[in-house]
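Q: Any chance you could fold what I've pasted below:
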Amino acid sequence: MREQQVRHDVTVVGGGLAGVCAAIAAARLGRTVALINNRPVLGGNSSSEIRVWVVGATAHGRSHHARETGIMGELFVENQYRNPEGNPYYWDAVVLDAVRAEPNISLYLNTDVRDVVASGPPEARRVESVTGWTMGSELLTTFTGPVFLDCTGDGLVGHLAGAEYRIGRESRAEYDEPWAPEVADDVTLGSTLLFYSKDAGEPVRFVAPDFTKDIGATSIPSRRIIRAEDNGCAYWWIEFGGELDTVHDNEAIRDELWAVVYGIWDHIKNSGQYPGAANLTLEWVGAVPGKREYRRFLGDYVLTQHDVLGQTEFDDRVAFGGWSIDLHPPGGMYAQEEGAKQRYADGVYHIPYRILYSKNVTNLLVAGRNVSASHVAFGTTRVQATTAVMGEAAGTAAALSVAGGVPPRSVDVGELQRTLLRQDASIVGLPLVDAADLAGAATVTASGSLESLEVEDGSARWPLEADAGLVLPVDPALPALELLADAEHDTSLTVDLYDPGPGQNYVPRTLVSTASVPVPAGSKQWLRFDLDWAPSTPRNAFVLVKAEPSVALYVADRPTPGVLSFTRRPLRPQDERPQPLREWTNRELLRRTFCFRAGATAAFGPGAVVDGYLRPYAGPHTWVSSGLPAWLQLTWSSPVTVGRVELIGDDDVDEDLINLHRHRTPFPVPPPLVRDYRFEALVDGGSWTEVASATANRRRRRVHELAAPVTCTALRVVVTATNGAPAAHLVAVRAYAP
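A: Have a look, this model is predicted:
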């Protein structure tokens, strides 16, 4: 046996998406990082070993302008380009490449940490080292350093270090959570094994192995959806172990899941109920259970159901989520209840920094499904894209902790937020105020901007059999709205104008005004509704068009910047009310727009690139040009010296990107993302000089270190092509001294 001791600034244990994003974040800030994973591939539950698709704040498209940015966003966009078919092995490669691109990361795969040395009293413990055994290499490695991150999911490192944690469900009285049980217990969410099938092109028989379970003798066929054409994550409900110990009973849980997976396949192949299954064969069956829940460490705050549904605006917010509170019955696949009970907030919710470190282990940060949340709130924070953005926040905090020589609890939250925003991380409603950014002192002009909101070229009719919705940016006012409509006979039409409330919301909340107009029989007539809304600050408007079956609106088969179109679908009887995020859907209207005229707007002016907001919030916060080519210019009253320029493009964070097979997105690169551009500096009293450029760009954030600093009075970015959009879209342009 060989032994070694290594030291890094930051030691991350756990190579799921939380650990990966934590490691990359710390490494990009100049820290040396050990990333330790006990499996041969990175990605945790999303890897080819387990194959759970990565979901997060978009909630499969229910929540809008909610896709994660920062490191998780980079992975989504890169995977879309490389892997639109959702091949799990290609996804492994995307994640591995992202880690190997960082020279400050030392990667230790197949290394199982099971020994932790910690010191100090229970109320102020400190991790001194962790030791891992590398399978196949017969290597024992001891890792030391000032800061450690437990991204293991199960929380073994924190447990061995003496960190305080909870397992199971709190009582309803503890946090006054309506979804908590009356009495606390040890029940958790269970684990899942998935399978993939394929068409072999000829009949394939299936001989069930001896361990196969006869699912006909269970409630599964009558309580769960089984379809021959489904595979992978369609079978997320193959869940077991919530009433056991998901760690200590892991082997028994896996055996039961295996028996049921093969039982389901036996049922599909041999019951005679699926005539289309003759040519199907199993391509892959998971061997590592995908765990949902175990330890949740206690930080200086515990996130609760009220924070999620109430969208608490924490002063120390460092990330966001948007998946529903998604809790499963303890019996899992054998339960008589539905496979999941879900409750959505009205939009994304904020995640505070105080849930990302241990309250009693002074140098331990946590990220993933083990953060400081109640069981109910954990029902939403547990999904992988949300754990990833928490990982980026925790890794950034770890880097600042090391740089400042302070424990994680003492990291300056303002500096943490500024650092995250500089890196384009997932924070909502908090603008970046960066004194080092020279662009903040510049006057911003452009070749032209989108100055009027109207869509007049619709060809498809949309009968108003249900309420319809239209979300528009209001800046500075919405005096009136026109809709293009047909009417079978004389009638009337009513619209209600709502303020959605928090800037990250896109559902009706507060009624502002109502307008009704007579509608004569006829086709393609413009109907004018006087709404008269001039809010004191830019807002989004939700225009609710009341159902009128004799009327049809028109739809254009193209997206419109800053605009969303919806139809209303009734909630199921078992759904809690109100849940507007479940009622209002754009599934049939994705990348389409109702025909309308809303008049002049200032929402897409060039000043958006220096307002500090990096994603839509009560408006688009994006410059959209009037056509291509286009330029945007920063001008200073006196010369400045620039050594680095940065550009953040629009990768359409309303588009739901999935890493595996659940759905296909039709383009390799988000169309609004700028493709070809160049930076030019105005030097020597009137000469434009190119200082940086990019072609075939497919990244949202681009940083250009200039070959030589340039002193200039103006800087402009010239966009000559996008990845499909008819105009240039820019979220931010920054300039820094050498």
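Q: Leu527: which element?
A: Following DSSP states H and E, one finds Leu527 within strand 522-533.
Q: What strands flank that strand, and is each parallel or antiparallel?
A: As defined by DSSP bridges, the strand partners of strand 522-533 come to strand 478-487 (antiparallel).
Q: which helices and strands does the helix or strand just after the strand it pairs with pack with?
A: Going down the chain from strand 478-487, the next helix or strand is strand 491-499, by DSSP H and E. Applying 3 or more Cβ pairs under 8 Å, 6 or more residues apart in numbering; DSSP states H and E, one finds that strand 491-499 contacts strand 478-487, strand 510-519, strand 522-533, strand 539-545, strand 548-556. (Glycine included, C-beta is placed from N, CA and C.)
Q: max-length strand in this structure?
A: strand 701-722 (DSSP state E).
Q: before we move on, the earlier item: buried residues, the strand holding Leu527. List them.
A: Leu527, Phe529, Leu531, Trp533 (16 or more other Cβ atoms under 10 Å).
Q: The longest strand of the chain: partners in the sheet, and parallel or antiparallel?
A: By DSSP bridges, strand 701-722 pairs with strand 630-649 (antiparallel), strand 674-683 (antiparallel).
Q: can you redo those as TSV with mean neighbour count, distance to Gly379 and mean pLDDT?
A: Formatted as TSV, the strands paired with strand 701-722 follow (neighbours: other Cβ atoms under 10 Å; distance: least, Cβ to Cβ, whole Å; pLDDT from 0 to 100):
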stretch	mean neighbour count	distance to Gly379	mean pLDDT
strand 630-649	19	32	98
strand 674-683	21	38	98
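Q: JSON lines please, covering those strands and showing distance to Ser63.
A: Shown next, in JSON lines, are the strands paired with strand 701-722 (distance: least, Cβ to Cβ, whole Å):
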{"stretch": "strand 630-649", "distance to Ser63": "21"}
{"stretch": "strand 674-683", "distance to Ser63": "26"}
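Q: In CSV: the helices and strands packed on strand 491-499, plus mean pLDDT and distance to Pro709.
A: Formatted as CSV, these follow (pLDDT from 0 to 100; distance: least, Cβ to Cβ, whole Å):
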stretch, mean pLDDT, distance to Pro709
strand 478-487, 98, 46
strand 510-519, 98, 50
strand 522-533, 97, 48
strand 539-545, 98, 41
strand 548-556, 98, 47
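Q: looking at those, which is buried most?
A: strand 539-545 (a mean of 25; mean count of other Cβ atoms under 10 Å).
Q: what sits up against that strand?
A: 464, 467-475, 478, 481, 483, 493-500, 503, 505-509, 512, 531, 533, 553, 618-619 (Cβ atoms under 8 Å, 6 or more residues apart in numbering).
Q: and Gly643, what is it in contact with?
A: Applying Cβ under 8 Å, 6+ apart, the residues near Gly643 are Glu705, Leu706, Pro709, Tyr736, Ala737, Pro738.
Q: 10 Å instead?
A: His704, Glu705, Leu706, Ala707, Ala708, Pro709, Val710, Ala735, Tyr736, Ala737, Pro738 (Cβ atoms under 10 Å, 6 or more residues apart in numbering).
Q: Relative to Asp9, how far out is it?
A: 26 Å (Cβ to Cβ, to the nearest Å).
Q: any idea which element Val288 lies in?
A: Using DSSP H and E, Val288 falls outside every helix and strand.
Q: Same question for Pro535.
A: Applying DSSP H and E, one finds Pro535 in no helix or strand.
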